[in-house]
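Engineer: Need coordinates for the following:
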Amino acid sequence: MAKVNGKSETHKAGLDLEHELPAGSDDGDNSPPETAVSGEQSGAGAELQKLKAERDSLLDRLARAQAEFENVRRRAGKEQQEFRDYAVADAIKSLLPVVDSLERALQVKSDAAEFRSGVELIYKQLQTALAKLSVNAIVSKGEVFDPHYHEAIEMVETTDAADHEVLEELQRGYKFKDRLLRPAMVKVARNPGK
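Structural biologist: Residues are numbered from 1 along each chain as shown. Okay, the predicted model is just below:
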């Protein structure tokens, strides 16, 4: 290696390399100058504060929406319960005259014929009250057995009726509007010849 002015060429080449590096990178750190870092931190801090405020606002709105939903749900439940209570009260109110008539019938001392006619009147009164509540009896005797409305208690071998015809009604069935309340308990004909 040749020496120029008392320095080796490699040392001179190293000096030239140092001058080619950007200013402020003597120690090999490529970080931006201090003023740029503090500016970015303050911008990031402002952005962070903005996001926190937005998050807090959204959480508050969510909490309010949940509370409002709970209030609506509770209010709807209470209204449904009140509706059921008043519906039952109306049904009971329509049956009270029947109870009154039965009480009067039991207080009267009379013969069997008068007692029977009084019970028949009470029965008609009860049927009227049930009809007002949309409760209707299912007609069964003489009809074809329908498993949706009838419950077969007994199958009777006979040639006097068609196969699967209801011969006798042991307990009347009832519908509320189109919904079955209780199926009719019936005896059904079995006639393999028809």
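Engineer: Can you mark which positions in the helix or strand hosting Val186 are buried?
Structural biologist: With elements taken from DSSP states H and E, the one containing Val186 is strand 184-190. Across strand 184-190, burial judged by 16 or more other C-beta atoms under 10 Å covers Ala184, Met185, Val186, Lys187, Val188, Ala189. C-beta coordinates here come from the backbone N, C-alpha and C atoms, glycine included.
Engineer: what's the closest of these to Ile153?
Structural biologist: Proximity of these to Ile153 (C-beta to C-beta) peaks at Met185, which lies at 5.2 Å.
Engineer: The closest one bridge partners, please.
Structural biologist: Listed by DSSP bridges, the beta-bridge partners for Met185 are Glu151, Gln171.
Engineer: Does Thr159 belong to a helix, a strand or coil?
Structural biologist: With DSSP: H, G, I helix; E, B strand; the rest coil as the basis, Thr159 sits in coil.
Engineer: which element follows the helix of greatest length in the chain toward the C-terminus?
Structural biologist: Looking across the chain with DSSP state H, the single longest helix is helix 34-107. Scanning forward in sequence from helix 34-107 by DSSP H and E, the next helix or strand is helix 112-132.
Engineer: counting contacts, what elements does that following helix pack onto?
Structural biologist: Helices and strands in packing contact with helix 112-132 are listed as helix 34-107; criterion 3 or more C-beta pairs under 8 Å, 6 or more residues apart in numbering; DSSP states H and E.
Engineer: tell me the angle the helix it packs on makes with helix 112-132.
Structural biologist: 160 degrees (axes from the mean of the first three to the mean of the last three C-alpha atoms, to 10 degrees).
Engineer: still on that earlier bit, helices and strands around the longest helix of the chain, which ones?
Structural biologist: Using 3+ C-beta pairs under 8 Å, 6+ apart as the contact test, the elements touching helix 34-107 are helix 112-132.
Engineer: okay, now the domains of this protein?
Structural biologist: Each domain of the chain is listed here as a residue range: 48-133, 135-194, per automatic domain parsing.
Engineer: pLDDT at Asp90, what is it?
Structural biologist: According to the prediction, Asp90 has pLDDT 78.
Engineer: Equivalent analysis for the one 10 residues further on, please.
Structural biologist: Model confidence at Asp100, expressed as pLDDT, equals 85.
Engineer: List the residues that contact Asp178.
Structural biologist: Residues near Asp178 by C-beta atoms under 8 Å, 6 or more residues apart in numbering: none.
Engineer: Could you list the low-pLDDT ranges of the chain?
Structural biologist: Regions of the chain meeting the criterion pLDDT under 70 cover residues 1-39, 194.
Engineer: out of the buried residues of strand 184-190, which one sits closest to Gln127?
Structural biologist: Among these, Ala184 lies closest to Gln127 (C-beta to C-beta), at 15.8 Å.
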